[in-house]
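Engineer: From the sequence below, what's the structure:
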Amino acid sequence: MCLESVPPPPSRLTRRGVLAGAAALAGTATVLAGAAPEAAAGPARGTEPGGPAGDLVIEGGTLLDPATGEVTEDAVVVIRGGTVRWAGRRGKAPVPADARRLDAHGHWVLPGLVDAHIHLSTVTEARAALTQGATSVRSGSTTFYQDIAVRELARRLPTRAPRLTAAGVFVTPDLGESVLADPDLAPLTALKDGVRSADALRRVVDVNLARGADVIKTRVNERAGVPDQDPLTQVYSYEQLSEVVAAARRRGKGVLCHSYSAKGCDDAVRAGIRSLEHGVFVAERTLHEMARRGTFFTPTLTAIAGMVGDPNPVLDERGRTFLPVLKEAVRAAHALGVPLAAGTDSAGGDVSPIGGEVVLVHSAGLSPLDAIRTATTGAARLLGLDGTVGRLAPGCAGDAVLLAGDPLSDLTVLTRPAHVVRAGQAL
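Structural biologist: You can find the predicted model right below:
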C-alpha cells in the first residue's frame, strides 16, 4: 500500500482546526476564550503593585549563573517585557521606578528549569509542571496533539504553562488511539504490520510536522513501565529509524528516541537521532559515538526510580535492576563528554518536579553544579534555546526560580521552589 500517493494536506488548511480540537482535549478552550490570567486578578505573590505585567525586579537574593558557576550575593535581576535586561550586584542595576518587585533576601535565584522529557496533555498538568519550577519543557509526545495546544496556551498566557517544544503524536508501530488524532493518519489502520514501512514512517512524520510539531518522537524498544512488554525488545531497525530521521531532517527537525537495549541505543544513535531517551543499557562504544556526534542523553532517572516499590513485582524488579545501571551510564556519559539533559518523563496527573531529576543526576556522580546544568544550560541547548533560557543574563527569558537554600550544598531545595517567575510574572 503506497501512502505517499496521497500526501498530507498543507498545514495552512488544517492547522487551525487541529489546534482547536487539541485545545478542547487539553481543556484550554475556556482559557483561550477569555479567562483572565492570575496576574489580572492583582499583584503577583511576593510583589508590589506598580509595574505592568512582565516587568519585575528580583532583588536581594544570591544569584547563580549555571553557565559560569559564578555566585553573586545581594543580586538584582531586572526583567522588562518578559526579558532580562540586567543581572548582577545591587548598586549597579538600572532599576525602573515603576517595576514590580520581588524580595529575594534569604533566597538563591536561578534561571527557570528545563524538563527535556515530559508529557503534558492538560492545563492542570502544565500548571503543575510550571509551579514546580519547569518554566520550559520538551514534550515526549501526546495522544492527540494536546502538546501543540499547550504550547499555544503558553505563548498567550505564560503563567498557565511552561514554554513548550511539541512532539505531536508518537511514531510507533501501533498508533493506538492516535489514529483518531488526524484524518490523514486513518489510512495507516489498513496496514497489517502497522507503521513499519518507509511510506508509513514518513507519513506519520509528515503529518506531525504539517500540524506544527517542533520535534519528532519515536522508539526503538518496547516500554519499561508496562509489565507485559519487554523493554529490551527492538521494534524498529536501524534502517527504519534512519527513515524517521531523514523525514524529520528534510523539514529541519530533530528526533528524540525512546531506547533501552544496547543494540537499540546504538542503532538509534547511528541513525542520527538528536537525543537518546532513557538509554539504560547504552554501551560504552555508543557513548563514545554520542560524544563524537554531539547526541544528547536524557536518562529520565525519575521514571526509572519511580518503578521501585511498584505493587507490580515485574515493575518493581525492573526499577531496582535498571536504576543502578542507568546511573552508571549517566556517570560514564558525563565523563566522556556526552551532553546531558534532565527530563522526568512525567505523564498524566503525576507531574514530578524537575528538581528531583537533578537530585538523581547528582546521585549518579555529577557535581551539584553539573547536575544543575542538565536542567538549565544543557537542556536549553538540546531544545535549541541556548541564549534564551537556562541563564539569567541580558537578553534571556525572564524565567526564574527562587530557592530557600543553597542548591550547591543541598540540591533538594530545587524540588520545592519558594517562588517561580515566568516571563517576568511571579506565580
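
Engineer: okay but A347 is in contact with H119, surely?
Structural biologist: Yes. Between A347 and H119 there is a contact at 3.9 Å, judged by CB atoms under 8 Å. Just so you know, the C-beta spots here come from the backbone N, C-alpha and C atoms, and that holds for glycine as well.

Engineer: Tell me which of those two has more neighbours.
Structural biologist: Taking other CB atoms under 10 Å, A347 and H119 do not tie; H119 has more neighbours (22 against 18).

Engineer: Please enumerate the shared neighbours of A347 and H119.
Structural biologist: G140 (CB atoms under 8 Å, 6 or more residues apart in numbering).

Engineer: Am I right that A303 sits in a helix?
Structural biologist: Yes. Under DSSP: H, G, I helix; E, B strand; the rest coil, A303 sits within a helix.

Engineer: tell me the pLDDT at it?
Structural biologist: Looking at A303, its pLDDT is 97.

Engineer: dump the residue contacts of the closest residue to it other than its chain neighbours.
Structural biologist: Using CB to CB, 6 or more residues apart in numbering and skipping the chain neighbours, the partner closest in space to A303 is D345 (3.7 Å). Listed by CB under 8 Å, 6+ apart, the contact set of D345 reads H117, I118, H119, G140, E277, H278, T300, T302, A303.

Engineer: And for Y238?
Structural biologist: D267, R270, A271.

Engineer: Could you pick out the buried ones from those residues?
Structural biologist: Neighbour-count burial (16 or more other CB atoms under 10 Å) is assigned, among those, to D267, A271.

Engineer: Output the contacts of Y238 in CSV; the columns should cover secondary structure and distance to S409.
Structural biologist: Shown next, in CSV, are the contacts of Y238 (DSSP: H, G, I helix; E, B strand; the rest coil; distance: CB to CB, whole Å):
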residue, secondary structure, distance to S409
D267, helix, 42
R270, helix, 41
A271, helix, 42
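
Engineer: sorry, back to before: and the residue nearest to A303, how close does it get to D55?
Structural biologist: 35 Å (CB to CB, to the nearest Å).

Engineer: Can you show me the strands along the stretch 1-150 of the chain?
Structural biologist: 56-64, 71-80, 83-89, 100-103, 108-111, 113-118, 134-139 (DSSP state E, counting those that start in this stretch).

Engineer: Turn these into CSV, including mean pLDDT, mean neighbour count and distance to G356.
Structural biologist: Output for those, formatted as CSV (pLDDT from 0 to 100; neighbours: other CB atoms under 10 Å; distance: least, CB to CB, whole Å):
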stretch, mean pLDDT, mean neighbour count, distance to G356
strand 56-64, 97, 24, 19
strand 71-80, 96, 20, 23
strand 83-89, 94, 18, 26
strand 100-103, 94, 22, 25
strand 108-111, 98, 27, 15
strand 113-118, 98, 32, 10
strand 134-139, 98, 30, 11
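
Engineer: Tell me which of those lies nearest to S409.
Structural biologist: Across these, S409 has its closest neighbour in strand 108-111 (9.9 Å, CB to CB).

Engineer: Figure out how far the closest one is from the centre of its chain.
Structural biologist: 19 Å (CA atoms, centre = their mean, to the nearest Å).

Engineer: and it, what does it pack onto?
Structural biologist: Using 3 or more CB pairs under 8 Å, 6 or more residues apart in numbering; DSSP states H and E, the elements in contact with strand 108-111 are strand 56-64, strand 400-403.

Engineer: can those strands go into CSV with extra columns for distance to P394?
Structural biologist: Compiled in CSV, the helices and strands packed on strand 108-111 are given as follows (distance: least, CB to CB, whole Å):
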stretch, distance to P394
strand 56-64, 13
strand 400-403, 14
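
Engineer: which one of those lies closest to L157?
Structural biologist: Of those, nearest to L157 by CB to CB is strand 56-64, at 16.5 Å.

Engineer: How about the contacts made by V205?
Structural biologist: Counted by CB under 8 Å, 6+ apart, V205 has contacts V171, I216, V244, A247, A248.

Engineer: Could you give the secondary structure assignment for V244?
Structural biologist: Classified using three-state DSSP, V244 is helix.

Engineer: Neighbours of it, how many?
Structural biologist: So V244, with other CB under 10 Å, has 28 neighbours.

Engineer: residues touching the residue nearest to it when sequence neighbours are not counted, list them.
Structural biologist: In space, V244 comes closest to T218 once its chain neighbours are excluded; the distance is 4.9 Å by CB to CB, 6+ apart. For T218, the contacting residues are F170, V171, T172, Y236, L241, V244, V255, L256, C257, H258, by CB under 8 Å, 6+ apart.

Engineer: Can you select the buried ones from the residues you listed in PyMOL?
Structural biologist: In PyMOL syntax, the buried subset of the contacts of T218 is picked out as below (16+ other CB under 10 Å):
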select buried, resi 170+171+172+236+241+244+255+256+257+258
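
Engineer: what sits opposite I79 in the beta ladder?
Structural biologist: L56, V84 (DSSP bridges).

Engineer: Same check on the one 10 residues further on?
Structural biologist: Each beta-bridge partner of R89 is listed here, defined by DSSP bridges: A75.

Engineer: so who does V226 touch?
Structural biologist: Contacts of V226 (CB under 8 Å, 6+ apart): none.

Engineer: Which parts of the chain belong to which domain?
Structural biologist: Per automatic domain parsing, the domain ranges recorded for the chain read 37-111+391-427, 113-389.

Engineer: Can you tell me which of these is packed in deepest?
Structural biologist: domain 113-389 (a mean of 22; mean count of other CB atoms under 10 Å).

Engineer: Quick one: distance of that domain to the chain centre.
Structural biologist: Per CA atoms, centre = their mean, the centroid offset for domain 113-389 relative to its chain is 8 Å.

Engineer: rewinding a little: please report how far the residue nearest to A303 lies from E152.
Structural biologist: D345 is 23 Å from E152, by CB to CB.

Engineer: Mind jotting down where the helices sit in the stretch 201-350 of the chain?
Structural biologist: Listed in chain order, the helices of the stretch 201-350 of the chain (DSSP state H, counting those that start in this stretch) span 238-249, 262-271, 284-293, 301-305, 313-336.

Engineer: Output these as CSV; include the columns distance to R127.
Structural biologist: What follows is these, written out as CSV (distance: least, CB to CB, whole Å):
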stretch, distance to R127
helix 238-249, 30
helix 262-271, 33
helix 284-293, 34
helix 301-305, 19
helix 313-336, 28
